[in-house]
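**Q** Return a 3D structure for these sequence lines:
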Amino acid sequence: MRGPSLLLAAAVSCAPLAARAGEPEEWPPPHQLKPDAESSLAFSALVRRVVERPTVRSLVGPSETPLPLDLANFLLDRPDLAAYIVKKRGIAPYRIEMLGPRRSSADDGDGTSGIVNLVSREETARLYYGEGAHNGALFPTLRANAVIALTLEPRQGPDCRRYTRTSFRVYVRLKSRVVSGLVKLLRPFVRDTVVRKFTKAFLVADQVGRLMQQDPAGVSEDALAYGGLSAADRASLAALLAGLARPPACPKRSGAPGEFH
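**A** Numbering: from 1, shown residues only. Got it, this is the predicted structure:
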C-alpha cells in the first residue's frame, strides 16, 4: 500500500509518519502519474480522475526505513509477507491476500478494507491505485478512491549501513459529496485523519525494517517460514537477509553526507 482501503496494503501499520501540515512545493503533474507497460491502460483514467480532483492530498514522510533498497522493494512486492510478520509479532491484525502479482485485498482489522493495485513500478518509484472503505465512529462510512505516489531513495549512513528514505504523495477522493464537503471544511485535522486511515498499510516495510533492526534473527526466521512464498521468492529473500546480516563495507564516498554512491 503494502489510499483508501489501506492502499499500501503494501501492508501494515508502522512507525507513524505524520502527514505534513500544508502541501509539498511540487506535485507531479497528472500526466506524469500513469501506468507502466505491465498495467492496464484503464488505470490512466482512474488515476487522473483522483489526482485532478482530490478531496484531500498530503505528503507523508519522509521516513528513514532501516533496510537497503532491494530488501525494501522485496517487501513492497510481497505485502502479504509483511502483513504476516507484523501480525505474527502482535503489532497489527492486518490481513492481506495477493489476488495477482500487482493486485491485493487488504483489511487492517480496524475498519478499513479494500483493493490495492500496483499501477507502476520502478526501483525508486511506485504508483498505486486503490478503492476501499472505512467504518468508524468519527464519520459515517467513508468510501473512497486513492492514488499514492511512492518515492524511494537509497541512502547510506555514517556507519556505512544502507537505508531507504521513503515519501508518499497521497491523493484521496471521497465518493460522498456531503462527506467531501465536511472534510474540506474541517481541514487540516480531518484531512490528516482521512490520509492516515487510507495510507497506514503502505508503511509496512518501515515497520518490518525496524523489527529487523531490533531482532534480525527472529524476524528473518519468521519471514522464511511464511508459507505463501514460492521457492524462488524464498531463495531471493534468504540471499537478501544474508546480505543484511553481513557487516557493512565502507567504500570511498563522495558527495553530501548520507548520500549513497
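
**Q** What residues sit buried inside the longest strand along the chain?
**A** Counting residues, the longest strand in the chain under DSSP state E turns out to be strand 142-156. Using 16 or more other C-beta atoms under 10 Å as the burial criterion, the residues of strand 142-156 that qualify are 142-156. Placement of C-beta: from N, CA and C, glycine included.

**Q** and which of those is nearest Lys175?
**A** Lys175 lies nearest to Arg143 out of those, by C-beta to C-beta, at 4.4 Å.

**Q** Report the helix or strand with the lowest average pLDDT across this protein.
**A** Lowest on mean pLDDT, DSSP states H and E among the helices and strands of the chain sits helix 177-185, with a mean of 58.

**Q** any low-confidence regions in this structure?
**A** 1-25, 137-140, 176-202, 247, 251-261 (pLDDT under 70).

**Q** Would you map the strands across it?
**A** So, for the chain - with DSSP E - the strands run 56-65, 95-100, 103-107, 112-121, 125-134, 142-156, 162-174.

**Q** Adding distance to Pro248, write the ones you listed out as CSV.
**A** Compiled in CSV, the strands of the chain are given as follows (distance: least, C-beta to C-beta, whole Å):
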stretch, distance to Pro248
strand 56-65, 16
strand 95-100, 31
strand 103-107, 33
strand 112-121, 27
strand 125-134, 25
strand 142-156, 8
strand 162-174, 7
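
**Q** Ok, which of the ones you listed comes nearest Arg246?
**A** Nearest to Arg246, of the strands of the chain and by C-beta to C-beta, is strand 162-174 at 11.4 Å.

**Q** That closest one: partners in the sheet, and parallel or antiparallel?
**A** strand 56-65 (antiparallel), strand 142-156 (antiparallel) (DSSP bridges).

**Q** what's the spacing between it and its chain's center?
**A** The gap between where strand 162-174 is centred and where its chain is centred comes out at 7 Å by C-alpha atoms, centre = their mean, to the nearest Å.

**Q** ok, the buried residues of strand 142-156 vs Ala72, which is closest?
**A** Leu152 (6.5 Å).
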